[in-house]
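1. structure for this input, please:
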Amino acid sequence: MRRFLDRYWYAYAMVLPVVVVIAVLVLYPLAQGVFFTFTNINEGNIANPILERPASYDVVGFKNYVNVLSGGESFGDFWSTLVRTLIWTFSCVLLHYTIGLGLAMLLNRQVKGRTLYRVMLILPWAVPAFISAFAWKYMFNAQYGIINQLLRSVGLPDPVWLGQSNWALVSVIIVNTWLGVPFMMVALLGGLQSIPGDLYEAAEVDGATPWQRFRHVTLPGLRSVSSTVVLLGIIWTFNMFPVIYLIAGPNPNARILVTYAFERFFSGASRDYAIASTYGVLILSVLLVFATIYRRALRKQGEVW
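-> A predicted model of the protein is given here:
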């Protein structure tokens, strides 16, 4: 051990500041949040140094998990929110990938003005998310928004996009697709450019159709890139807070798990920190289970990462 430390002490010294920062900013809040899930802590019994009030919350064991998973807490239902979160996540990631792949394949060709098209398609990604969210919120306005004005001009019904209906979820999916496609497009474009052109030439010589070349050359060539960006997309979208809250607000028809946890933490006469922490731990658990299953599925296909 002494020889090992004598040889690698410099590397550990360089890594130590990062480890300390991660421990302070990530691990300690995470451990505290997990501890809160086993208590009944809320705004009324948490320690308040300004009022010189000591903490008076109690340890309740797994009561919070039982209440959440069994539907015992009255603010809402975990399982219906989870289903809505899954619909939101997989709809957005599917649209991100399919539209991004289509645009990447178009931009991978030698077309006039390709650089200009690339810049224009990256703009939604470059604009801050809250600016795009507010712009889309005004566009979705039921009375004055440009979307409903266009629908009325062609004789189509104009829904209340951000009202108490499922149109609210459709609205935020549209906005998140607009924001997420550029990243997917850039990542897949890089993957397309790494595929050797000889493979396409050989497939064309063998008489492969465009669909066969796409299926047997393009998709396998993008497998490593696709597996990474899809996993990142699912994690980011599952935890996407700003788009939903800035556009739909506390609308139950667009509520997902992360906005639900936020509402429990900051809403109500007595802010329930214990239930909010429980939702946070459950969100982390769902993502860890998914990432584990996803990684094992990739290993079976020969992808190791």
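2. packing partners of the lowest-mean-pLDDT helix or strand in the chain?
-> Between all helices and strands in the chain, the lowest mean by mean pLDDT, DSSP states H and E belongs to helix 114-126, at a mean of 78. Counting contacts by 3 or more Cβ pairs under 8 Å, 6 or more residues apart in numbering; DSSP states H and E, helix 114-126 packs against helix 78-107, helix 167-193. From N, CA and C alone the C-beta is placed, and that goes for glycine too.
3. out of these, which one sits most buried?
-> helix 167-193 (a mean of 21; mean count of other Cβ atoms under 10 Å).
4. ok, back up a step: for the least confident helix or strand of the chain, the distance to its chain's centre please.
-> 22 Å (Cα atoms, centre = their mean, to the nearest Å).
5. just stretch 225-233 next, same as before
-> Taking Cα atoms, centre = their mean, one finds stretch 225-233 lying 12 Å from the centre of the chain it belongs to.
6. now it: mean pLDDT?
-> Averaged across stretch 225-233, pLDDT comes to 89.
7. in this structure, where is pLDDT below threshold?
-> When residues are selected by pLDDT under 70, those of the chain lie in 72-76, 268-270, 301-305.
8. make TSV from the helices and strands packed on helix 114-126 and add distance to Leu232 to it.
-> Shown next, in TSV, are the helices and strands packed on helix 114-126 (distance: least, Cβ to Cβ, whole Å):
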stretch	distance to Leu232
helix 78-107	10
helix 167-193	9
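9. check which helix or strand covers the most centrally placed residue in the chain.
-> Computing the C-alpha centroid of the chain and ranking residues by Cα atoms, centre = their mean puts Thr237 first, at 1.6 Å. For Thr237, the element it lies in under DSSP states H and E is helix 223-238.
10. could you check that helix and say which residues are buried?
-> 224-227, 229-231, 233-234, 236-238 (16 or more other Cβ atoms under 10 Å).
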